[in-house]
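In: Coordinates only, no sequence provided:
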């Protein structure tokens, strides 16, 4: 039987990274693709003890029963005060929605605002899954130019005027894929500009706890005076991705509509996951946890930068992030290196990255790639980058 | 700021049941709304022990890490053999997708097949959340007439020819809201008729383990010869709703597209929930578990039927289900009773049902209501039905 799939899905394949994962089933491949936390850091003992304690509590049966779509009330309350660390103040439980990971926050925002054919602005380059999600809404992603301090504000305003976008999606702190962070001035200007034109901002903040250096910069949401900014964060990078739990913070009217959208998909997020996250946050364990993760991730990042200096060709330029999980690099354009076409050949050398072009909405840039340093060991980082360096030096030598 | 919500969501309120839940925050209200498992049966000890054991296993860190969108591989394998109890044979892991509760299976099916304006056929009356989900796809729900043995096949064929629907959604075993089950002949005919016209069938089967009497009837999926039937079940009614875990079974091409749709929303279902469900199924605990639930639910159902006989007016006709969670009743139409308009008054008497009109796609039936018996105690069932009986007898007496 030939199936008559919907327009939104008929031509849609899996997103680039999820497809790469399957190629990487071979354990001898050193993967710098993906954005997995270091496996050895996953808090097995903590999850076990927390679950036992929750199942002995008076609330145990409620945690196993159906819950409200908005989320487990103690977690919503905890979240409303927790986000003050991102400068988000004066909010209450009606401004909070528990989401099944940050990805669901993105999906629900588009569900709430985006019609077929609508434009959504994204940083170029941006989190590639967003480009995939937008296709499921038959929406149009348009890239905004960016640099080391954030979005190019002239380009942002010009594109707002030209495209009348519904939403601007950004990862201002340790962006995926570049690892860069927007300056405070850039954040304030984005808040003002989008408020002026009535554009919804979706501020995605999964990485800001993983800061190696510098001071925390207040979120764009903290500068929101009109209610046009939705802030989402998840506990995938700090606690455990497998729990699929995050929080969305926004104007109560928006949260209400996102809740109606969520009702229609998973009813509510796993209550066990929610209760575990609530226990973790309300006992104030986040700071202790990230103080364990940060030195480890910084060591890996430093090792990867050192290996890049040592092994990669001099024509390879790269970001040196102050936090997060990713380094983004590009080869001099004159070399004509296409990281996408070369990927199968690279993978046969037992090393993997994500080809950079997957992250661009508006540009066809094939000379770049994203490297993740959290998933590999220090030794693997050295070996894997050497494999990449040898490969690309050879390509360049034979040009 | 006025928000410019998407067409799909701007006029959409919460679904009727989820809204009723909020009214029922008052613990003195006896609720026959909802479809909650009996709270005291929720397996607190089992979840605690299983989680401890999983976190001590070699797979612990994998369970906390990102997983594949398709689902936790051991659960997919277990599911492929588990569904043989529903007559579904000769399938493999590529026919399985783990879903975040049955609701997500419904959402993903529509995401995969339904364009704006498309018609989806449903039994009249049907699970009301489906009508809500279809609105988020701007699709049109059309009701098919049904009776004690299943769908009216003439009406089904006529509506397939007239509307060219993409999908037929049905709950053939202990239907929500009626508690009725389709005969085997009706199931075979539905499989044949939909295959003939190329209509996708979404067979939703959350209740069939909760059977009080009679033999299990094979699923419609078991009669699927062309791959047009998607079968979904969840563990919300048998293990714990709070885990938000179910499985979808279908043609590999359909499962692939549903997986792409799922990637774009929650990446994957909570791996902890998946591993708990896998442990439960693979240790063969389902039969022991439902053998504990069935006598309890049957006792409650019997108590509700007895209370209806005792207290409700003779003009109230009702189903007497052989399993599941619901009784559906209606008043003689000549009485002009409107259960929807009367609801606020009923709620003030500290008892609640779901007004039946919420379950109809094509009919305006206001003389009916759904009663759930799993959530209340035997004593509450007697008291609550007496409150309803007194109320409606008084209404009828004053007509």
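Out: Sure thing, it's come through. Quick caveat, the model's predicted, so the values are computed rather than measured.
In: Who are the contact partners of the residue lying closest to residue A:45 once chain neighbours are set aside?
Out: The spatial neighbour of residue A:45 that comes closest, neighbours along the chain excluded (CB to CB, 6 or more residues apart in numbering or on different chains), is residue B:55 at 7.2 Å. All C-beta spots, glycine's among them, are computed from the backbone N, C-alpha and C. Neighbouring residues of residue B:55 by CB atoms under 8 Å, 6 or more residues apart in numbering or on different chains: A:44-45, A:47-48, A:51, B:63.
In: Those residues in strands, which ones?
Out: Among the contacts of residue B:55, no residue falls in strands (DSSP state E).
In: Quick check: residue A:60 touching residue B:45?
Out: No: Residue A:60 is beyond contact range of residue B:45, at 9.1 Å (criterion: CB atoms under 8 Å).
In: Compare those two (neighbour count), which wins?
Out: residue A:60 (19 against 11; other CB atoms under 10 Å in any protein chain shown).
In: Okay, the more buried one and residue B:236: tell me how far apart.
Out: The span separating residue A:60 from residue B:236 equals 17 Å under the rule CB to CB, to the nearest Å.
In: elements contacting the one helix or strand residue A:297 maps to?
Out: Taking DSSP states H and E as the definition, residue A:297 sits inside helix A:286-311. If contacts are counted by 3 or more CB pairs under 8 Å, 6 or more residues apart in numbering or on different chains; DSSP states H and E, helix A:286-311 sits against strand A:316-318, strand A:326-331, helix A:378-397.
In: Just want the angle from the last one to strand A:326-331.
Out: In other words, helix A:378-397. Here helix A:378-397 runs at 20 degrees with respect to strand A:326-331, directions being taken by axes from the mean of the first three to the mean of the last three CA atoms, to 10 degrees.
In: what comes into contact with helix A:378-397?
Out: Contacting residues not belonging to helix A:378-397 are listed as A:30, A:32, A:299-300, A:303-304, A:307-308, A:310-313, A:315-316, A:331, A:335, A:337, A:342, A:345-346, A:349-351, A:353, A:371, A:373, A:376 [CB under 8 Å, 6+ apart].
In: now those residues: which count as buried?
Out: For those, burial is judged from neighbour counts taken by 16 or more other CB atoms under 10 Å in any protein chain shown, and it is met by A:30, A:32, A:300, A:303-304, A:307-308, A:311-313, A:315-316, A:331, A:337, A:342, A:346, A:350-351, A:353, A:371, A:373, A:376.
In: What segments of the stretch 151-300 of chain A are strands?
Out: With DSSP state E, counting those that start in this stretch, the ranges of strands along the stretch 151-300 of chain A come out as A:167-170, A:200-204, A:229-234, A:246-249.
In: Please report the distance of residue A:210 from residue B:224.
Out: If you measure residue A:210 against residue B:224 using CB to CB, the figure is 48 Å.
In: now swap in residue A:320 and tell me
Out: Note on residue A:320: its distance to residue B:224, by CB to CB, is 56 Å.
In: How about residue A:205?
Out: Distance, residue A:205 to residue B:224, using CB to CB: 45 Å.
In: swap in residue A:88?
Out: Noted for residue A:88: a distance of 50 Å to residue B:224, by CB to CB.
In: do the same with residue A:36
Out: Per CB to CB, residue A:36 is found 38 Å from residue B:224.
In: between the two, who's got more neighbours?
Out: Neighbour comparison, residue A:36 and residue B:224: the larger count goes to residue B:224, with 23 against 19 (by other CB under 10 Å).
In: Measure how buried the spatially closest residue to that one that is not a sequence neighbour is and give me the count.
Out: The shortest distance from residue B:224 to any residue other than its chain neighbours is 5.7 Å, reached at residue B:191 (CB to CB, 6+ apart). Other residues near residue B:191 come to 22 when the count uses other CB under 10 Å.
In: Tell me the residues of the stretch 201-350 of chain A that contact chain B?
Out: Those residues of the stretch 201-350 of chain A that sit near chain B, judged by CB under 8 Å from any CB of the partner chain, are A:226-228, A:236, A:240-245, A:251, A:253-254, A:257, A:259-261, A:263-273.
In: Low-confidence bits of the stretch 51-200 of chain A, can you list those?
Out: Screening the stretch 51-200 of chain A residue by residue with the criterion pLDDT under 70, one finds no matching range.
In: show me what contacts residue A:332?
Out: When the contact criterion is CB under 8 Å, 6+ apart, the partners of residue A:332 are A:315, A:317, A:367.
In: How about the first one, nearest residue that isn't a chain neighbour?
Out: The shortest distance from residue A:315 to any non-neighbouring residue, by CB to CB, 6+ apart, is to residue A:332 (4.2 Å).
In: Please apply the same query to residue A:232.
Out: Excluding the flanking residues, the one nearest residue A:232 by CB to CB, 6+ apart is residue A:105, at 3.6 Å.
In: contacting residues around the one you found?
Out: Counted by CB under 8 Å, 6+ apart, residue A:105 has contacts A:97, A:99, A:202, A:204, A:230, A:232, A:234, A:246, A:248, A:258.
In: ok, it to chain B distance?
Out: For residue A:105, the distance to chain B under the criterion CB to the nearest CB, to the nearest Å works out to 10 Å.
In: and what of residue A:59?
Out: Using CB to the nearest CB, one obtains 10 Å as the distance from residue A:59 to chain B.
In: Counting neighbours, what do you get for that residue?
Out: The burial metric for residue A:59, expressed as a neighbour count using other CB under 10 Å, is 14.
In: show me what contacts it?
Out: Applying CB under 8 Å, 6+ apart, one finds that residue A:59 lies in contact with residue A:275.
In: Pick out the residue of the stretch 251-399 of chain A closest to chain B.
Out: For the stretch 251-399 of chain A, the nearest residue to chain B under the criterion CB to the nearest CB is residue A:271, separated by 3.5 Å.
In: In contact with the closest residue to that residue other than its chain neighbours, which residues are there?
Out: Taking CB to CB, 6+ apart, and ignoring the residues beside it in sequence, residue A:271 has residue B:242 as its nearest neighbour in space, at 3.5 Å. Shown in contact with residue B:242 (CB under 8 Å, 6+ apart): A:63-67, A:270-272, B:42.
In: one more time with 6 Å, if that's ok
Out: In this structure, residue B:242 makes contact with A:63-65, A:271-272, judged by CB atoms under 6 Å, 6 or more residues apart in numbering or on different chains.
In: Any buried residues in stretch A:387-394, and which?
Out: Under the neighbour-count criterion of 16+ other CB under 10 Å, stretch A:387-394 has A:387-389, A:391-393 buried.
In: Let me have those residues in CSV, adding distance to residue A:148 as columns.
Out: As requested, the buried residues of stretch A:387-394 are arranged in CSV below (distance: CB to CB, whole Å):
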residue, distance to residue A:148
A:387, 29
A:388, 24
A:389, 25
A:391, 28
A:392, 24
A:393, 27
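In: And the furthest pair within those residues?
Out: A:387 and A:393 (11.0 Å; CB to CB).
In: How about residues contacting stretch A:302-317?
Out: With CB under 6 Å, 6+ apart as the test, stretch A:302-317 has contacts from A:318, A:320, A:329-332, A:335, A:373, A:378, A:381-382, A:385-386, A:389, A:392-393, A:396.
In: Many thanks, I have nothing further to ask.
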